[in-house]
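**Q** The following comprises the amino acid sequence and a computationally predicted model.
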Amino acid sequence: MNLFTDIRTLVIDSLTAMTGEGALPEGLDFANVAVEPPRDAAHGDMATNAAMVLAKPAKMKPRDIAEALAAKLAADERITSAEVAGPGFLNLRLAPGIWQGVLKSVLDAGTDFGRSDMGADKRVNVEYVSANPTGPLHVGHTRGAVFGDALAALLAYAGYDVTREYYINDGGGQVDVLARSVYLRYLEAHGQEVAFADGTYPGDYLVPVGQALKDKVGDAYVGKGEDVWLAEVREFSTDAMMALIREDLAQLGIKMDKFYSEKSLYGTGKIEAALASLESKGLIYQGVLEPPKGKKPDDWEPREQTLFKSTDHGDDVDRAVKKSDGSWTYFAPDIAYHYDKVERGFDELIDIFGADHGGYVKRMKAAVSALSDGKVPLDIKLCQLVKLFKDGQEFKMSKRAGTFVTLRDVVDAVGADVTRFMLLTRKNDQGFDFDLDKALEQSKDNPVFYVQYANARICSTLRKANEQGIAADDATLNAADLSLIADPAQLAVAKKLAEWPRQVEIAARTHEPHRVAFYLYDLASELHGLYHLGKSNEGLRFVNESSQSATHANLALARAVSVVISAGLGILGVKPAEEMR
């Protein structure tokens with residue numbers, strides 16, 4: 001049930017009727033007609049911009065359209081008033097029974113209330129994390145992991161067929177560096193003293209990998225050249241790091257549907273096939289690029305390369321795919337990887353990148369546009385940096401990693417649920433200061449506590465009702481007389497619940513899971529406010545000692561809030577709290 005969609009349908013039907021009656025000209029496009037909550041709740045329950053968006057194409061005054069539309073809408077039994085405001089906005093008030101019906105819908109549907117078929121089972125690939133397999137995940141990866149996982153869950157809830165994918169960057173030189181670093185730990189495991197040169201990975205996390213390599217091959221590689229051991233140690237090290245990364249992801253409750261190896265693109269014809277597809281469209285040519293940003297670095301010299309004509313698909317400059325020496329650029333396997341996604345039949349692609357990959361957005365979108373003939377959209381979401389603070393100071397070091405704060409450091413400090421929720425309280429393209437102390441603070445200023453406390457408060461109330469001999473099971477509450485939910489404070493909670501399906505669709509359409517966290521905070525605020533009003537108004541208490549019917553209705557309202565909080569937290573990957581310690 002999406003009440004806003006229902007009322008928008010009523011508005012469109014009324015406009016269509018006005019057209020048939022000659023009150024509006026034929027051929028008007030109603031696509032931009034919206035129904036949404038008014039900016040000020042005092043103005044009504046919903047507002048529509050219909051008159052404002054139709055005035056110009058209809059060549060009419062917006063107030064004239066609004067007044068005629070108001071008369072139509074007021075005739076519907078769901079509408080108690082339709083008032084024209086300002087130049088032509090139309091504010092609507094709905095009958096109390098509509099909000100009581102929302103409560104019934106929540107209780108009947110459970111956590112499926114708000115679930116949408118908007119996605120129509122379209123296949124969406126969400127690629128996220130995709131960190132180099134050279135060490136444990138750090139706090140920057142954590143944000144991308146949480147954001148991507150919540151977005152994937154949100155899209156699935158909104159009716160999309162979602163594949164969660166991790167691209168293993170195991171085809172580049174950084175994996176050779178990893179292998180050399182593991183080899184040093186391997187020698188160390190044999191009792192040798194080693195020194196880590198600049199560019200190697202000195203973190204303690206490689207100590208057990210070196211020992212494991214020793215356990216596997218003994219002293220077979222000791223004193224041998226790279227030609228003997230590099231390929232084998234590279235594969236061994238990559239497997240070990242991916243096992244570590246999988247464990248890191250499991251700490252956050254993340255499980256990927258597919259891990260895709262970059263290495264699988266080389267020597268298999270996949271890169272060649274992708275570029276052949278572009279060449280068949282006249283988008284590959286031999287040419288010389290201009291110096292970066294019109295400058296000539298000391299080491300720059302003009303060389304003919306194989307170029308992708310990405311400017312034909314919205315990029316600023318064309319991009320090299322093969323160097324003058326015949327080797328592939330970094331961009332070539334990325335093109336091939338996305339070509340593979342297109343060939344797998346996805347209807348939409350979403351990539352979650354770190355902020356340092358901002359320069360890659362246009363070229364990657366151009367590639368997907370070219371490969372799919374513009375049929376498969378690619379949305380790239382950039383996650384800005386996270387700064388950790390503890391005791392008022394920026395928290396930077398991790399002894400285990402050597403140079404950075406790991407995902408496990410954060411989860412160990414505050415827990416997976418708090419980590420996930422807190423990282424979703426900011427839009428992904430905004431920087432985030434994560435204060436570890438405030439994340440555990442029990443106050444309204446801590447959003448995760450505030451939302452979890454609302455759910456725990458409801459669960460506690462239901463337990464106490466049972467202890468007092470008051471039936472508070474779902475079957476009983478589903479049968480409660482919801483017409484008793486009539487106080488403005490109670491209806492305000494019901495109205496907030498009615499916004500949930502709309503928020504799901506907006507968040508899914510915009511690829512913004514933080515909207516779910518914001519909504520849950522607002523819903524929790526309404527619940528806490530109602531609870532406190534009950535201290536001075538017996539009729540608003542969840543357990544009303546004067547009336548069993550009122551108690552059941554009030555508990556049903558509280559239970560509906562818990563249902564929606566649980567659904568929202570489920571999307572964010574957070575377990576609802578039933579009690580607070």
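**A** Cool, the structure landed. Numbers count the residues shown, from 1 in each chain.

**Q** Neighbouring strands - and their directions - for the worst-scoring helix or strand of the chain on mean pLDDT?
**A** Here the helix or strand of the chain ranked lowest by mean pLDDT, DSSP states H and E is strand 393-394, holding a mean of 88. Note on strand 393-394: by DSSP bridges, its sheet partners are strand 386-390 (antiparallel).

**Q** Show me what counts as buried in the partner strand.
**A** For strand 386-390, burial by neighbour count (16 or more other C-beta atoms under 10 Å) applies to 386, 388. C-beta here means a position set from N, CA and C on the backbone, and glycine is covered the same way.

**Q** same thing with stretch 153-164?
**A** Buried residues in stretch 153-164, counted by 16+ other C-beta under 10 Å: 153-160, 162-164.

**Q** again, but for stretch 223-232
**A** Buried residues in stretch 223-232, defined by neighbour count with 16+ other C-beta under 10 Å: 229-230.

**Q** ok, and what's touching that stretch?
**A** For stretch 223-232, the external contacting residues (C-beta atoms under 8 Å, 6 or more residues apart in numbering) are 176, 179-180, 183, 217, 220-221.

**Q** tell me the average confidence for it?
**A** Taken as a whole, stretch 223-232 carries a mean pLDDT of 96.

**Q** what's the answer for stretch 107-116, then?
**A** For stretch 107-116, mean pLDDT is 97.

**Q** For the stretch 301-450 of the chain, which segments count as strands?
**A** With DSSP state E, counting those that start in this stretch applied, the stretch 301-450 of the chain shows strands at 305-308, 319-322, 348-354, 378-383, 386-390, 393-394, 432-435, listed in chain order.

**Q** Now distance to residue 455 too, for the ones you listed, in CSV please.
**A** Listed next are the strands of the stretch 301-450 of the chain as CSV, based on distance: least, C-beta to C-beta, whole Å:
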stretch, distance to residue 455
strand 305-308, 51
strand 319-322, 49
strand 348-354, 28
strand 378-383, 28
strand 386-390, 26
strand 393-394, 32
strand 432-435, 23
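
**Q** To residue 233, which of these lies closest?
**A** Nearest to residue 233 among those is strand 348-354 (27.6 Å), distances taken as C-beta to C-beta.

**Q** Output the closest one as CSV, nothing but the C-alphas.
**A** The C-alpha coordinates for strand 348-354 follow below in CSV (Å, rounded to 0.1, in the frame of the first residue of the first chain):
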residue,chain,number,x,y,z
GLU,A,348,21.4,-1.5,-15.1
LEU,A,349,24.9,-1.3,-13.6
ILE,A,350,26.0,0.5,-10.4
ASP,A,351,29.6,0.9,-9.4
ILE,A,352,30.6,2.1,-5.9
PHE,A,353,34.0,3.9,-6.1
GLY,A,354,36.1,5.7,-3.6
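
**Q** quick revisit: sitting in strands, which of the buried residues of stretch 153-164 do you find?
**A** Among the buried residues of stretch 153-164, the members falling in strands (DSSP state E) are 162-164.

**Q** Can you tell me which of those residues comes closest to residue 187?
**A** Using C-beta to C-beta, residue 164 comes nearest to residue 187 of those, at 38.3 Å.

**Q** hang on, residue 430 packs against residue 384?
**A** Yes - with contacts counted by C-beta atoms under 8 Å, residue 430 reaches residue 384, the gap being 5.9 Å.

**Q** Which one's more surrounded, the two?
**A** The residue with more neighbours, out of residue 430 and residue 384, is residue 384; 17 against 9, by other C-beta atoms under 10 Å.

**Q** pLDDT at the more buried one, what is it?
**A** You'll see residue 384 listed with a pLDDT of 95.

**Q** List the residues that contact it.
**A** Contacts of residue 384 (C-beta under 8 Å, 6+ apart): 143, 355, 428-432.

**Q** redo that, cut-off 10 Å
**A** 140, 143, 354-356, 358, 426-432 (C-beta atoms under 10 Å, 6 or more residues apart in numbering).

**Q** same deal with residue 48?
**A** Residue 48 makes contact with 7-8, 10-12, 14-15, 33-36, 38, 66, 69-70, 73, 82, 88-92 under the criterion C-beta under 10 Å, 6+ apart.
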